[in-house]
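**Q** based on what follows, work out the 3D shape:
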Amino acid sequence: MAPPTLLHRLKERKLVQWALAYLAGAWALVECVGFLADQFAWPGMVAQVVTILAAFGFFVALVMAWYHGEKGQQKVSGAELLMIAALLAIAAGVLGIWSRGGRPAESGQAEPYAPGAVQDHGLPSIAVLPFADMSPEGDQEFFADGIAEEILNALAKVSGLKVAARTSAFAFKGADTDIRRVGEQLAVNSVLEGSVRKEGNRVRVTAQLIDVQDGFHVWSETFDREVESVFEIQDQIAREVVTALEVELIGGPQGIVPKASQTGPEAYQAYLRGRHAFNDWTPAGRQNALEQLERAIVLDPSFGPAFASLALARFMSGFFDVVPFHEAVPEAKALAVRALELDPGLSEAHAVLGYAALYHDWNWASAEAALERALEINPNDAFARHGMADLLTVLGDVEGGVRQVELGRQGDPLSLMANVVVAGHLLFARRFRDVIAQVGYLRELYADQPNVGADFISSAFWELGRFEESLEEFVKVWPNDPGVAPAIEEGLRTADPQGAMRAVAEHLAGRYQEGSALAFEVARCYARAGDHQAALDWLEGGYEARLPESLHAVFYPDFDPLSSDPRFQELLRMMDIPER
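**A** Model (predicted):
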């Protein structure tokens with residue numbers, strides 16, 4: 001008698017009937033889950049997971065049908081168990097890869113990432129818009145901006161009042177913007193706007209507090225005084241605003257807005273000019289800021305805010321490689337210490353000391369104490385938030401770093417820097433898809449800066465294996481270096497994406513000058529090229545030059561393949577960076 005054919009076995013075990021019955025049941029289950037998900041607003045992942053599991057369950061059902069069918073065996077055999085286990089393992093693997101979007105494991109979060117999200121903390125809130133310059137010559141913009149900024153800084157010290165940071169509030173400068181739109185974008189329920197008219201030694205300041213919901217004026221006042229009385233005007237406006245918003249002040253009347261720092265009109269105007277130039281951080285603006293702030297402290301050696309602002313300007317000049325970092329830091333620290341001797345409540349000076357301890361001294365305890373103090377004084381200080389985020393990342397708490405820059409962005413939602421550092425810390429947390437989303441949001445927000453975030457998104461694309469997109473973005477990182485693009489093209493012609501990065505590394509190495517931050521970029525390129533020893537050579541050179549970027553060896557995923565190398569571990573030990 002001939003052995004039964006495959007078709008005969010399929011009929012005997014009623015495999016087709018089992019398959020049809022399972023498909024009908026699975027379809028009904030998926031439809032039911034989809035309906036319930038719509039009704040109860042379940043996350044979309046629920047229906048997707050059920051669909052994937054149902055698909056793999058189909059193969060499990062076929063295994064059961066083949067072995068059981070009409071045979072009625074009650075005992076599950078070892079072969080069945082192996083098949084079912086293999087199918088379930090494959091299903092789990094597919095689910096794991098799908099949940100990560102097909103990318104290497106990234107640190108996750110419970111809710112989908114929403115770039116630019118602003119939280120409403122339920123506190124009375126205000127944005128101080130830049131005051132208009134109504135002076136006859138139209139040359140007092142710095143003075144009008146300075147008055148608005150001083151009022152903003154005073155209000156920021158009031159407990160129980162949420163104040164939009166300067167960068168975001170000043171983003172509406174010169175725009176005929178509807179107050180309601182300002183409220184929506186900055187998540188505030190009131191706006192202070194005004195104007196300044198300065199003529200000779202007289203100044204007229206007009207201010208009005210507006211409710212963003214209905215557009216009505218809550219309070220308005222005009223002050224006509226001598227220039228010497230500008231501090232009294234700022235204090236009075238701040239006090240009137242606090243009263244109008246009915247903010248509960250800690251300590252009663254004594255807890256009301258502290259008085260602005262006092263100095264002479266000439267020193268104060270030099271200080272305002274310096275602040276104005278610093279906020280326009282161009283090469284010319286940077287030089288002008290340093291000159292005006294130095295002039296302010298010469299005119300008044302007891303004016304603490306000028307020392308604090310000069311400390312920040314000095315530090316940033318070194319941090320961004322304008323002057324040697326090892327020269328800038330001691331000067332910045334001395335200025336910050338002097339500022340705090342004159343006024344211990346200057347958050348800017350505390351933040352500078354925190355950054356110096358973090359990036360120059362590699363003293364984590366000192367950095368933490370200074371940055372925490374800065375944030376106690378001004379929780380909206382995005383600069384200090386960024387420093388705290390970097391510190392947490394150095395110590396291994398990368399998600400804590402993300403939370404810090406998100407807090408900084410919430411207080412300053414329209415700030416370019418506050419948004420860019422979010423993209424950076426998402427990269428440091430290896431959340432590559434989120435980096436791409438954040439940079440996309442950045443480019444929508446700053447449509448006139450199509451290259452913003454190029455460094456971070458290039459790294460994210462590289463880690464996801466999207467090399468062509470990564471190299472396209474990498475070229476944008478170097479708009480002033482015409483040699484980068486040809487190096488990439490040549491490398492691709494003769495090798496592959498790694499070869500392109502090697503060609504770029506060699507090109508940048510040829511431009512290197514002793515002590516330059518370029519050492520870190522050369523190391524990153526060699527790391528991407530797969531030349532770990534060359535990458536370590538350049539990292540060690542950066543350490544010897546005490547470059548601030550040395551800490552970034554544990555930030556960027558480019559260096560992950562080096563992590564087990566003894567030379568890399570020794571480098572981290574020398575910088576006292578905790579083991580990963």
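
**Q** low pLDDT regions in the stretch 351-500 of the chain?
**A** Within the stretch 351-500 of the chain, no range satisfies pLDDT under 70.

**Q** let's see it at 90
**A** Flagging of the stretch 351-500 of the chain using pLDDT under 90 yields the residue ranges 377-383, 408-418, 445-449, 479-480, 493-495.

**Q** try the stretch 151-300 of the chain
**A** Looking at the stretch 151-300 of the chain by pLDDT under 90, you get 151-269, 271-287.

**Q** separation between Gln208 and Phe170?
**A** Distance, Gln208 to Phe170, using C-beta to C-beta, to the nearest Å: 18 Å. To be clear about C-beta, it is placed using only N, CA and C from the backbone, and glycine gets the same treatment.

**Q** these two - which one has more neighbours?
**A** Phe170 (21 against 15; other C-beta atoms under 10 Å).

**Q** so that one touches Gly146, yeah?
**A** No - in terms of C-beta atoms under 8 Å, Phe170 does not count as a neighbour of Gly146; the distance is 11.6 Å.

**Q** Arg286 against Leu312, yeah?
**A** No - in this structure, Arg286 is not within contact of Leu312 by C-beta under 8 Å, at 11.5 Å.

**Q** what is the neighbour count of the residue nearest to Ala207 when sequence neighbours are not counted?
**A** Leaving aside its sequence neighbours, Ala207 sits nearest to Gly194 (C-beta to C-beta, 6 or more residues apart in numbering; 3.7 Å). Per other C-beta under 10 Å, the neighbour tally for Gly194 reads 24.

**Q** more neighbours: Arg286 and Leu312, which one.
**A** Applying other C-beta under 10 Å to Arg286 and Leu312 shows that Leu312 carries more neighbours, namely 24 against 18.

**Q** quick one: what helix or strand has that one in it?
**A** helix 304-319 (DSSP states H and E).

**Q** distance from the chain centre to that helix, please.
**A** Relative to its chain's centre, helix 304-319 lies at 22 Å (C-alpha atoms, centre = their mean, to the nearest Å).

**Q** stretch 328-337 too?
**A** From the chain centre to the centre of stretch 328-337 is a distance of 26 Å (C-alpha atoms, centre = their mean).

**Q** please apply the same query to stretch 572-580.
**A** Counting by C-alpha atoms, centre = their mean, stretch 572-580 comes out at 24 Å from the chain centroid.

**Q** tally of neighbours for Leu562?
**A** Leu562: 20 neighbours (other C-beta under 10 Å).

**Q** hmm, I was thinking of Arg443
**A** Neighbours of Arg443 using other C-beta under 10 Å come to 17.

**Q** sec struct for it, please.
**A** With DSSP: H, G, I helix; E, B strand; the rest coil as the basis, Arg443 sits in helix.

**Q** what do you get for Gly345?
**A** Applying three-state DSSP: Gly345 is coil.

**Q** could you do Phe223 as well?
**A** strand.

**Q** can you count the residues close to it?
**A** For Phe223, using other C-beta under 10 Å, the count is 18.

**Q** then Ala339?
**A** Neighbours of Ala339 (other C-beta under 10 Å): 27.

**Q** now do Ala244
**A** Neighbour count of Ala244, defined by other C-beta under 10 Å: 18.

**Q** any idea how far it is from Ser302?
**A** For Ala244, the distance to Ser302 - C-beta to C-beta - is 33 Å.

**Q** could you double-check that His425 lies in contact with Val405?
**A** Yes - using C-beta under 8 Å, His425 is in contact with Val405, at 4.8 Å.

**Q** shared neighbours, those two?
**A** Ala389 (C-beta atoms under 8 Å, 6 or more residues apart in numbering).

**Q** thinking Ala523 is in contact with Ser550, fair?
**A** No - taking C-beta under 8 Å as the definition, Ala523 is not a contact partner of Ser550, at 9.8 Å.

**Q** find residues that contact each of those two.
**A** Counting by C-beta under 8 Å, 6+ apart, the common neighbours of Ala523 and Ser550 are 539, 542.

**Q** neighbour-wise, which of these two wins?
**A** Ala523 (30 against 25).

**Q** residues near Asp235, how many?
**A** Counted with other C-beta under 10 Å, Asp235 comes out at 18.

**Q** hmm, Leu155 and it touching each other?
**A** No - taking C-beta under 8 Å as the definition, Asp235 is not a contact partner of Leu155, at 11.0 Å.
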